[in-house]
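Undergrad: how does the following fold in three dimensions:
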Amino acid sequence: MTGAEGEPAEIVMDVIRSRRAIRDYAPGAIPKEHLVMVLQAGRLASSGGNNRVHRFLVVQDPGRISLIGSVAPGMLTVPTAVIVICVDLRVTVQRQVQADRDTTVHIDVGTAAMNMQLMAHALSLGSCPVTSFSQSGLRAMLELPEHARPELLLMLGRRRDRQPAQNMSAQQKPTLDGVAYWEIYGSDSG
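TA: Residues are numbered from 1 along each chain as shown. The predicted model follows:
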């Protein structure tokens, strides 16, 4: 793949480059097939040791979403749907993964969330991850079993058709300078 315009690599880079955390949602339901594609993207994320210890709970009921918001100060707006990414502690025991000590558990939640956000963006949906919430409150409100430990909320909704409040200037756009090094940490050669 050469990365020429329209090539798969350039299409993927365009989705990555244009994705933003979206907290302002337009009214309207999300088609079930879009939610399924977002879930599939999460399922296909990389997983340390291929253990796949995360599970997904889709919440669309406005009353239940309101309950989530009452224990999630990081959920600043009301989305159309929330995907609760949980770690299934029964699976961690079966696969001999130390859920509280193995950092791959948290990394796997993050890779699943990122895949889901990219798919949501590709489907013209907005998404925003939320990590500020009460685990015990969320567990009680959603009647999660003890073995389902909520780790991340992914808000989803239809994006409003409007321009961002502020476009980034060329100086604000992230570059690799000072972020990526070649062969020796801190080197400027590339």
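Undergrad: in this protein, mark out all the strands, start to finish.
TA: 25-26, 54-59, 81-88, 125-130, 148-159 (DSSP state E).
Undergrad: which one of the ones you listed lies nearest to S46?
TA: strand 54-59 (11.5 Å; Cβ to Cβ). For every residue, glycine as well, the C-beta is placed using N, CA and C.
Undergrad: which residues does the most centrally placed residue in the chain contact?
TA: Nearest to the geometric centre of the chain sits A113, at 2.6 Å (Cα atoms, centre = their mean). Taking Cβ atoms under 8 Å, 6 or more residues apart in numbering, we find A113 in contact with G42, I85, P129, L152, L154.
Undergrad: now render those as CSV, adding neighbour count and pLDDT.
TA: Output for the contacts of A113, formatted as CSV (neighbours: other Cβ atoms under 10 Å; pLDDT from 0 to 100):
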residue, neighbour count, pLDDT
G42, 23, 94
I85, 22, 95
P129, 18, 96
L152, 20, 97
L154, 24, 97
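Undergrad: tell me where the protein has helices.
TA: Using DSSP state H, the helices of the chain run over 8-18, 32-43, 62-70, 89-94, 104-122, 135-141.
Undergrad: for those helices, which one sits closest to G178?
TA: Closest approach to G178 among the helices of the chain (Cβ to Cβ): helix 8-18, 18.9 Å.
Undergrad: got the angle for the closest one vs helix 104-122?
TA: With axes from the mean of the first three to the mean of the last three Cα atoms, to 10 degrees defining the directions, helix 8-18 sits at 100 degrees from helix 104-122.
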